[in-house]
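Enquirer: Okay, predicted coordinates and the sequence, questions at the end:
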Amino acid sequence: MPDQANPCLYEVNEEFLSYVEDFLKESDLGERVRKLSRAEGYLRYLFFELVGNLKDWKGGDLRTLVCGLSYLIPEALRLCYQAEDGVQETACSIVRDLIDLTFSLMRRWKESEEVKVVGSELWTMLDPEKGLADEEEAESLALRLSTAISSLLS
């Protein structure tokens, strides 16, 4: 199992879990970012599937989407700070894309002021034109955001 610290990940479907496991097995940073992007793409796919079928907003796909977002944001952020050059830019843009996807989910499903505030702050900290913010501060925000996203399921 990929992450003992995020119990929500136990509730995702097998397909998403396989993307996460592929990502975790990879040691090359460039390949890790590529595999992270595949996992992010799968969550985007689930979101659009849910939008097309509003009756299933309580099913397993929603749980996978919420838990997946909760898990991938801190993981992507770690890569953002570990990688260099173009790989770093890609990893940071994945974090921002995941936050954007979270905001889209909230507009269609359930609002959370904490997710909005923390997500917006983290998104701004990762602006490539301004440079990266302090890593510890960004990680703290990512963990707060992860917890807030998971709490959307309650």
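Expert: Looks like it arrived, so ask away. Numbering: from 1, shown residues only.

Enquirer: tell me the contacts of residue 36?
Expert: 23, 72, 75-76, 79, 91, 94 (Cβ atoms under 8 Å, 6 or more residues apart in numbering). Placement of C-beta: from N, CA and C, glycine included.

Enquirer: Narrow these to those that are buried.
Expert: 23, 72, 75-76, 79, 91, 94 (16 or more other Cβ atoms under 10 Å).

Enquirer: What is the nearest of those residues to residue 137?
Expert: Nearest to residue 137 among the buried ones among the contacts of residue 36: residue 76, at 16.3 Å, using Cβ to Cβ.

Enquirer: Remind me which helix or strand that closest one belongs to.
Expert: Residue 76 is part of helix 60-82 when elements are defined by DSSP states H and E.

Enquirer: Could you pull up the mean pLDDT of stretch 145-152?
Expert: Taken as a whole, stretch 145-152 has an average pLDDT of 94.

Enquirer: what's next to that stretch, contact-wise?
Expert: 6, 8, 66-67, 69-71, 73-74, 99, 102, 106, 109-110, 112, 114-115, 118-119, 122.

Enquirer: let's see 10 Å
Expert: 5-9, 11, 62, 65-75, 77, 95, 98-99, 102, 105-106, 109-123 (Cβ atoms under 10 Å, 6 or more residues apart in numbering).

Enquirer: So which bits of it are buried?
Expert: For stretch 145-152, burial by neighbour count (16+ other Cβ under 10 Å) applies to 145-150, 152.

Enquirer: export these to a markdown table and tack on distance to residue 35 and secondary structure?
Expert: Formatted as a markdown table, those follow (distance: Cβ to Cβ, whole Å; DSSP: H, G, I helix; E, B strand; the rest coil):
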| residue | distance to residue 35 | secondary structure |
| --- | --- | --- |
| 145 | 22 | helix |
| 146 | 19 | helix |
| 147 | 24 | helix |
| 148 | 26 | helix |
| 149 | 21 | helix |
| 150 | 22 | helix |
| 152 | 26 | helix |
